[in-house]
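S.K.: here is a sequence together with a model predicted from it:
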Amino acid sequence: MSDECARERLIGILTRLMCGWRLTPVAVLRSDPQSGLVQRYNRHVASISRTADVTCFKWFRKHRRLARKRKMPIDSLGQFDATEISHVGLKSLCQRDREIISLCRLPLPSAAVQFIDTSQRYEHTSVPKPGVTPCVTPHGTLFECSDVRESLGAEKLRFQSVFYPPIIERHLEDANLDEQRLLGNLGGNAFEGRSAGCVLVALLTFASELESV
C-alpha cells in the first residue's frame, strides 16, 4: 500500500468513527442544580474572601477600554439587577469574573445551557454557544449561565467524556468541596475523550488491516 493510499484509508476510518460517534447533550451531563452538593459548593465558594485593590490590575483597565468601545456604561461592568444578583453562584464571583460575564452580555439565567470560561482573559474567552462547553483546563472555571453557578469538578470530567460506573459516580458527587476542584483539574487539559478515543480506534483498525495485507 502506497503512502498516499494509506493516508486516505486512515483518514476515511477516522472520519466514519467521528461522524458515527453518538454525542451526549451537555444538558444531560450536568448535575442537578437543586442537589445538596451543588448548593453546598455554591455556599463554599461564596464564603471565600476575594477582596483586593482591583484598580491596580491590567484587566481592570482593559475591561474599561472594551466597555467604552462598545458604548457600555462603565458603571455597568460587573453589576447585575436584583433578580440576577440573588443567585448565590453569582455572588461568589470576584469582580474580574463578574465583569467578564457582563461583557458577554448574556441574561442570567440564560434560556439555553451556555458556559463562560471566566478563568481566561476576556479576549481569549470564546463566544458562549448553546450546548457547547469551552475547553476544560486545569484550575479553570466554567460558569454555567443557565443555572448561574460554577461547574463542579465531577461535571467537568463528564464534559470531557470521562464516564464511570454508578458506584463511582455517587462517590464523586459526594466528594468534599476541595476534592471537586481536584476532579476538575483531572478533566484538563483541553482534550475531549471521544476525539482521543476515535483516533486510537482508527489507528488500531488501520494497523490490523496492514497486518492482514
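M.R.: Perfect, I can see it now.

S.K.: could I get the full set of strands for this protein?
M.R.: With strands called from DSSP state E, the chain shows them at 115-117, 142-144, 149-150.

S.K.: strands paired with the shortest one, and their directions?
M.R.: Partner strands for strand 149-150, per DSSP bridges, with pairing direction: strand 142-144 (antiparallel).

S.K.: now the strand it pairs with, how far from the chain's geometric center?
M.R.: 6 Å (CA atoms, centre = their mean, to the nearest Å).

S.K.: how about TSV for the strands of the chain, with mean neighbour count, mean pLDDT and distance to L172 added?
M.R.: Quick note: C-beta positions are derived from backbone N, CA and C, even for glycine. Formatted as TSV, the strands of the chain follow (neighbours: other CB atoms under 10 Å; pLDDT from 0 to 100; distance: least, CB to CB, whole Å):
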stretch	mean neighbour count	mean pLDDT	distance to L172
strand 115-117	23	92	20
strand 142-144	24	92	17
strand 149-150	24	90	16
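
S.K.: so which of the ones you listed is nearest H87?
M.R.: strand 149-150 (7.3 Å; CB to CB).

S.K.: now what about the closest one, what contacts it?
M.R.: Strand 149-150 has contacts (CB atoms under 8 Å, 6 or more residues apart in numbering) with 33, 38, 41-42, 45, 87-89, 92, 141-144.

S.K.: quick check: ChimeraX command selecting the buried ones in these.
M.R.: In ChimeraX, this line selects whichever of the contacts of strand 149-150 come out buried by 16 or more other CB atoms under 10 Å:
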select :38,41,42,45,87,88,89,92,141,142,143,144
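
S.K.: between the strands of the chain, which gets nearest to Q160?
M.R.: When those are compared by CB to CB, strand 142-144 sits nearest Q160, at 11.3 Å.

S.K.: tabulate the strands of the chain in JSON lines, adding columns for distance to D97.
M.R.: JSON lines is the format used below for the strands of the chain (distance: least, CB to CB, whole Å):
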{"stretch": "strand 115-117", "distance to D97": "9"}
{"stretch": "strand 142-144", "distance to D97": "7"}
{"stretch": "strand 149-150", "distance to D97": "9"}
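
S.K.: nearest to V162 among those strands would be which one?
M.R.: By CB to CB (comparing all of the strands of the chain), the closest turns out to be strand 142-144, at 14.9 Å.

S.K.: which helix runs longest in this structure?
M.R.: Longest helix in the chain by number of residues (criterion: DSSP state H): helix 193-212.

S.K.: who are the packing partners of that helix?
M.R.: helix 3-20 (3 or more CB pairs under 8 Å, 6 or more residues apart in numbering; DSSP states H and E).

S.K.: hmm, back to that, what angle sits between the longest helix of the chain and helix 3-20?
M.R.: 140 degrees (axes from the mean of the first three to the mean of the last three CA atoms, to 10 degrees).

S.K.: helix 193-212 - what's its average pLDDT?
M.R.: For helix 193-212, mean pLDDT is 73.

S.K.: what distance separates it from the middle of the whole chain?
M.R.: Relative to the centre of its chain, helix 193-212 is centred 28 Å away, using CA atoms, centre = their mean.

S.K.: heads up, I number from 78, so please use that
M.R.: New numbering, starting at 78: the last item is helix 270-289.

S.K.: CA atoms of that helix as CSV?
M.R.: Listed next in CSV are the C-alpha coordinates belonging to helix 270-289 (Å, rounded to 0.1, in the frame of the first residue of the first chain):
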residue,chain,number,x,y,z
GLY,A,270,-12.3,11.9,25.3
ARG,A,271,-14.3,10.9,22.3
SER,A,272,-11.9,12.5,19.9
ALA,A,273,-8.9,10.8,21.5
GLY,A,274,-10.8,7.5,21.5
CYS,A,275,-11.7,7.8,17.8
VAL,A,276,-8.0,8.4,16.9
LEU,A,277,-6.9,5.4,19.0
VAL,A,278,-9.5,3.1,17.5
ALA,A,279,-8.7,4.3,13.9
LEU,A,280,-5.0,3.6,14.4
LEU,A,281,-5.7,0.2,15.8
THR,A,282,-8.1,-0.7,13.0
PHE,A,283,-5.6,0.6,10.4
ALA,A,284,-2.7,-1.4,12.0
SER,A,285,-4.8,-4.6,11.9
GLU,A,286,-5.5,-4.0,8.2
LEU,A,287,-1.8,-3.6,7.4
GLU,A,288,-1.0,-6.8,9.1
SER,A,289,-3.6,-8.7,7.0
